[in-house]
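Engineer: how does the following fold in three dimensions:
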Amino acid sequence: FITHPVQTQSVLYIVQRMATLSTMFYLIALLCYIAGRHTQSSRQRWSFWCCSIFSWGLALGSKEIALTLPVTLFLYEWYFFQDLHWKWLRTSLQPILITLVLLSAIGLVFLGKHPVDLLTAAFETRDFSPLQRILTQFRVLVFYITMLVFPHPARLNLMHHIDTSFSMISPFTTLLSLAILTTLVTLAFVYARRHRLLSFCIFWFFLHLFIESSFLPLLMIFEHRLYLPMVGVVLLMGSLSYRGLSQRPSYAITAGLILIVIFAWSSHT
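Structural biologist: The predicted structure follows:
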């Protein structure tokens, strides 16, 4: 996470201190919630949860991407505390609806009293429509994934250019990208019980790109948007490394060191 080249924009692009700060407070809020769930003391539990809410407020104040935290807490609770039981999911419909109303209210606070007028006016300054932005984001998401897998310095750029998608087949890579993303999400559902962390990390990645890869009138693509989503990727890599250390420690350590050196060299370059 520290040495990956794609993170250089989040760290060096001064205004994106809001992304790094939001991610830090976001993770503090998540860890406080988890600590509260593990403690046996009611007083300590509520202390942790109050800290979680406070940290979430700081994360929201840093950048709006932190709006997804309640969804993340719900997923974490369902995956790792409720053992993916559908019965718990059915009994939690009321809290889920309340949470959605809360998130909608917070979203309106950020957008103002007239969100439709605000979004319409913002799109007038863009050369794409809301639908075209959504279609293009299928290709952008796949590009993000390739950046994580193959972050060659030549591929890094402050301002990437990507052609707008006008339909599912214009360009045809739009449909292909949607197929790739659908396959990944399907795998997350299918392997949720057998490979729980893998499933959770896939949902983490897509969830934390949801806001900036939606219909909002933002520019199409930026590397700094991967800062929070990449936490799920490195969490999965850390788990695989831990398994490797328990089975073939020398291979795992060597591979890890080589990867870190390559990433560090690429970041410096």
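Engineer: now the helices for this protein?
Structural biologist: For the chain, helices defined by DSSP state H occupy the ranges 8-12, 17-38, 42-62, 69-76, 86-91, 93-111, 115-123, 130-149, 173-190, 196-207, 230-247, 249-268.
Engineer: of those helices, which approaches Ile162 most closely?
Structural biologist: Across the helices of the chain, the minimum distance to Ile162, taken as Cβ to Cβ, is reached by helix 130-149, at 6.3 Å. Heads up, the C-betas are built off the backbone N, CA and C, glycines and all.
Engineer: nearest to Phe215, out of the helices of the chain?
Structural biologist: If you check each of the helices of the chain against Phe215 by Cβ to Cβ, helix 130-149 wins as the nearest, at 4.1 Å.
Engineer: what does the closest one contact?
Structural biologist: Contacts of helix 130-149 with the rest of the structure, by Cβ atoms under 8 Å, 6 or more residues apart in numbering, involve 4, 6, 119, 123, 126, 128, 155, 160, 162-168, 171, 173-174, 177-178, 180-181, 206, 209, 213-217, 220-221, 223, 225-226, 229-230, 233.
Engineer: determine the angle, from 0 to 180 degrees, between that helix and helix 173-190.
Structural biologist: For helix 130-149 and helix 173-190, the angle between their directions (axes from the mean of the first three to the mean of the last three Cα atoms, to 10 degrees) works out to 70 degrees.
Engineer: and helix 130-149, which residues are buried?
Structural biologist: When burial is assessed from 16 or more other Cβ atoms under 10 Å, helix 130-149 yields the following buried residues: 132-133, 135-145, 147-148.
Engineer: any idea how far Leu141 is from Phe128?
Structural biologist: 16 Å (Cβ to Cβ, to the nearest Å).
Engineer: nearest to Leu108, out of the buried residues of helix 130-149: which one, please.
Structural biologist: Checking the buried residues of helix 130-149 against Leu108 with Cβ to Cβ, the nearest one is Arg133 at 20.8 Å.
Engineer: pLDDT weak spots in this structure?
Structural biologist: Low-confidence regions of the chain, defined here as pLDDT under 70, cover residues 113.
Engineer: can you do 80?
Structural biologist: Screening the chain residue by residue with the criterion pLDDT under 80, one finds the ranges 107-116, 243-246.
Engineer: so what's the gap between stretch 55-69 and the chain middle?
Structural biologist: Put simply, stretch 55-69 sits 13 Å off its chain's centre (Cα atoms, centre = their mean, to the nearest Å).
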